[in-house]
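Trainee: coordinates for the following, if possible.
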Amino acid sequence: VMTVAVSVASGVDNIISAFGGLAGYRVALAVGFVVLLTAMNLRGVRESGRAFAAPTYLFIGGILLMVVTGLVRVVFGDDPQAPTAAFGIHPAEGGDNLAGLGLLMLGLRAFASGCTALTGVEAISNGVPAFRAPKSRNAASTMSAMGILAVVMFIGVTVLAMTSNVHYVDDACQLSGLAGDCSTYTQQTVIAQLASTFLGGDNSVLFYFIQAVTALVLILAANTAFNGFPLLASILAQHRYLPRQMHTRGDRLAFSNGIIALAVVAGGLLWFYKADVTSLIHLYILGVFTSFTLSQIGMVRHWNRALAGESDPAVRGAAQRSRVINGLGAVTTALVLVIVLITKFTQGAWLAVLAAVALWAMMRGIRRHYDAVSSELAVEDPAEESAKPT
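Mentor: Below you'll find the model as predicted:
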C-alpha cells in the first residue's frame, strides 16, 4: 500500500516540478494515476520486462548525464546555482542550547531517510526463480550492479546539490527570503532543481526529459505492488487471515478484490495526506524496515534449523557463514527501525505502529471467525454419536 502511495506521490511531485500550474491538482493527479493503474491491472495487464526496462534505462542514463555534466562544469570553474540558492532556512526559536543534540538527531533522521534507497532490493531476491541459469549468480550480479548504480547516482546528486546550494524543506514557510505567500509556493524536487541548474534551465528539452523519465519510472514502480499485493492477499486468505473473497479470481484471472482493496486504501492515504511525499515517507520507511528485520531474523532461524540436522563440515561452515551474514543484517535493519521510530514517531510513524497492531488484531479475528465457522459446520460421525451415553 505504501509503495503505491509513495511512488505515485513522488511521480506527481516531479510532474508538478515541470508544470507548476498543476500544483492545485496534486491530489486529483495522484488518485487519477492510482485509478489508471487499477484499471490496467483489472484488465489483466502483465508486466513486460522490455516495456518496464526502457524507462529505467532512460532514467539511469538521464541522471548519469546530469551528474557528469554538472561535475564537468564545476571542475572547470563554472559554478551554477540552484533556483533556491538565495534562500535561507529559519532557525527554531530557543534552539541555541540544543545544537549538539539537534545535530545528532539531524544525522539520525538523514540516516533513516537515506535508508529508503535500500528499498527495492527485495524485488531481486524475490525474483530469483525468474532469472536465467545460473540463477543465484545472475541475481547476485544484478544486485551488485544495482548497488553500484545507486551509490554512484546518490553521491553524484548529493555533490551537485551541495555545490549548487539546493534548498528543500518540509514546509515552504521555513524558507527565508521567499517573496509572496509561502503557503502557495510550490517547491521543485531536488532532481528538478539540479536538472534546471545544470542542463539548461526550466525550458530546456533535457530538463523535461529528466522530469518525464523520473515521473514515469516512479509511477511504474507503483505497479509492482499491484502485481505483488493481490497474490499475497490471496495466500493470506487461503490461510484464513483475510476474507476468502481475496482468494477469488476475476474474469481476467486476476485477483480483482485484492487489486481494488489496494487501490482504495492507497487512494485514501493519498487523499488524507494530500499526496505529500514527506508525510507518507514516514509510514513507508517504518513498514519496510519492519519487514526487512523480520525476514533477516527468519533466515537466522532457518540456518539454526539447518545446522541442527547437518553433520557435513563443509555444509555446516557455509551455513554458519550465512547465519552470521543474516544475523548482521538483522541487527543493522533493526537499528534502522529503532532510529526511524525515534526520529519520525511524532511526524506520523505512530500511525504505522497503530496500523500494524490493528491489522494484526483484525487478521487474528478473521482467523478465529473462520475457525469457529469451520467447527460449527463440521459433520459428526453418526456411529460416534450413537455410541455416546444418553
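Trainee: give me the pLDDT value at residue 44.
Mentor: Residue 44 carries a pLDDT score of 69 in this model.
Trainee: ditto for residue 252
Mentor: Looking at residue 252, the pLDDT reads 61.
Trainee: only the buried residues of stretch 267-285, if you could.
Mentor: For stretch 267-285, the neighbour count (16 or more other C-beta atoms under 10 Å) marks 267, 269-270, 273, 275-285 as buried. The C-beta positions use only the backbone N, C-alpha and C, and glycine is treated the same way.
Trainee: closest one of those residues to residue 63?
Mentor: residue 277 (18.2 Å; C-beta to C-beta).
Trainee: stretch 80-91: how far from the chain's middle?
Mentor: Offset of stretch 80-91 from its chain centre (C-alpha atoms, centre = their mean, to the nearest Å): 29 Å.
Trainee: in this protein, which ranges drop under the pLDDT threshold?
Mentor: Along the chain, the model assigns pLDDT under 70 to residues 44-51, 90-98, 117-118, 120, 126, 250-254, 381-390.
Trainee: the helices in it, which residues?
Mentor: According to DSSP state H, the chain carries its helices in the segments 2-18, 26-42, 49-75, 99-114, 121-126, 135-163, 190-198, 205-238, 256-272, 277-308, 313-344, 349-377, 382-387.
Trainee: tell me which of those helices lies nearest to residue 81.
Mentor: helix 190-198 (6.9 Å).
Trainee: for the buried residues of stretch 267-285, which one is nearest residue 123?
Mentor: Residue 123 lies nearest to residue 284 out of these, by C-beta to C-beta, at 15.2 Å.
Trainee: check contacts around the nearest residue to the closest one once chain neighbours are set aside.
Mentor: Spatial nearest neighbour of residue 284, chain neighbours left out: residue 2 (4.2 Å); criterion: C-beta to C-beta, 6 or more residues apart in numbering. Contacts for residue 2 (C-beta atoms under 8 Å, 6 or more residues apart in numbering) come out as 269, 280, 283, 284, 287, 288.
Trainee: and residue 190, by the same measure?
Mentor: Contacts for residue 190 were tallied using C-beta under 8 Å, 6+ apart; they are 157, 161, 166, 168.
Trainee: residue 100: how many residues sit nearby?
Mentor: Using other C-beta atoms under 10 Å, residue 100 has 8 other residues around it.
Trainee: picking that back up, quick check, nearest of the contacts of residue 2 to residue 15?
Mentor: Looking across those and measuring by C-beta to C-beta, the closest to residue 15 is residue 280, at 16.4 Å.
Trainee: surely the closest one meets residue 6?
Mentor: Yes. Here residue 280 reaches residue 6: they are 5.0 Å apart, a contact under C-beta atoms under 8 Å.
Trainee: picking up where we left off before, which pair of the contacts of residue 190 spans the longest distance?
Mentor: Greatest spacing in these, by C-beta to C-beta: 157 and 168 (12.0 Å).
Trainee: what's the neighbour count on residue 24?
Mentor: 12.
Trainee: hmm, I typed the wrong one, I wanted residue 148.
Mentor: 10.
Trainee: same deal with residue 1?
Mentor: Around residue 1 there are 20 other residues, counting by other C-beta under 10 Å.
Trainee: what about it, distance to residue 58?
Mentor: 28 Å (C-beta to C-beta, to the nearest Å).
Trainee: and residue 283, by the same measure?
Mentor: Note on residue 283: its distance to residue 58, by C-beta to C-beta, is 30 Å.
Trainee: check residue 329 too.
Mentor: Distance of residue 329 to residue 58, given as C-beta to C-beta: 32 Å.
Trainee: likewise residue 209?
Mentor: 8 Å.
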